[in-house]
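# After the sequence you'll find the predicted model.
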Amino acid sequence: MAAKGIARVPCHVGGAWHAPGVRFPLALLLVGALACATPTETVTTTKTVTARPSAQSPNATAAVPHTAIVTRVVDGDTAHVRYRGADVTIRLIGVDTPETVAPGQPVECYGPEASAFTTKELTAKPVHLEFDVDRIDPYGRTLAYIWVHNRLFNETLVRDGYATVATYPPDTKYVQRFAAAQHDARDGNRGLWAAC
């Protein structure tokens, strides 16, 4: 006995699929059967991974500004900050001010002025630290760019003639900005470019 709505077709016609009025109902029946046989819910297993900087890649969070308070200035390009509850020595990336406290070295031309400027501009102020590729220098100091509000202090030192550009790859993120600032300072005969 044929199911309701499906006509009986003799085998010699070429199969039930080719019988008049049968193709559409069979197609519906086939689609319905496939829909019932296929799961309607897909379950995906995911694993949550939290990225943490390692000794090999200490700069995993380099683009995120890290807030600190400057507690003491050592010289024009080195300061101590309170960062995450610890006293951290920061060496500014990409710049070099004349020496004032280097053991065994004389005080260099315009060094006291650079130290005084950094002391006046940074002491007791909140700053944002930005890291580059290397996090620690050979002397154990943390390498960073210091931002005061929207001003990159490393660049300010160069632009105002308190520092020269000192690039040590791979920490080169702002090297072009620093080079342009040094060109302006030298052309403008500012700071050490006039005094030394």
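Structure received.
# what helices or strands is the longest strand seen in the chain leaning on?
If you go by DSSP state E, the chain has its longest strand at strand 66-75. Here strand 66-75 touches strand 78-83, strand 86-92, helix 111-122, strand 126-130, going by 3 or more C-beta pairs under 8 Å, 6 or more residues apart in numbering; DSSP states H and E. Just so you know, the C-beta spots here come from the backbone N, C-alpha and C atoms, and that holds for glycine as well.
# Export the ones you listed as CSV, with columns for distance to P103 and mean pLDDT.
Shown next, in CSV, are the helices and strands packed on strand 66-75 (distance: least, C-beta to C-beta, whole Å; pLDDT from 0 to 100):
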stretch, distance to P103, mean pLDDT
strand 78-83, 13, 98
strand 86-92, 15, 98
helix 111-122, 14, 98
strand 126-130, 26, 97
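# Switch those over to CSV; also include mean neighbour count and distance to T156.
Shown next, in CSV, are those (neighbours: other C-beta atoms under 10 Å; distance: least, C-beta to C-beta, whole Å):
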stretch, mean neighbour count, distance to T156
strand 78-83, 20, 14
strand 86-92, 16, 10
helix 111-122, 19, 8
strand 126-130, 19, 12
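# Of these, which is nearest W193?
Proximity to W193, assessed across the helices and strands packed on strand 66-75 by C-beta to C-beta, is greatest for helix 111-122 (12.3 Å).
# Can I get the closest one in PDB, CA atoms only?
Extracted C-alpha coordinates of helix 111-122, given in PDB (Å, rounded to 0.1, in the frame of the first residue of the first chain):
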ATOM      1  CA  GLY A 111      74.700  67.200  32.500                       C
ATOM      2  CA  PRO A 112      73.700  69.200  35.600                       C
ATOM      3  CA  GLU A 113      71.100  71.100  33.500                       C
ATOM      4  CA  ALA A 114      69.700  67.900  32.100                       C
ATOM      5  CA  SER A 115      69.400  66.400  35.600                       C
ATOM      6  CA  ALA A 116      67.800  69.600  37.000                       C
ATOM      7  CA  PHE A 117      65.300  69.600  34.100                       C
ATOM      8  CA  THR A 118      64.300  65.900  34.600                       C
ATOM      9  CA  THR A 119      64.000  66.500  38.300                       C
ATOM     10  CA  LYS A 120      61.700  69.500  37.900                       C
ATOM     11  CA  GLU A 121      59.600  67.800  35.200                       C
ATOM     12  CA  LEU A 122      59.100  64.400  36.700                       C
END
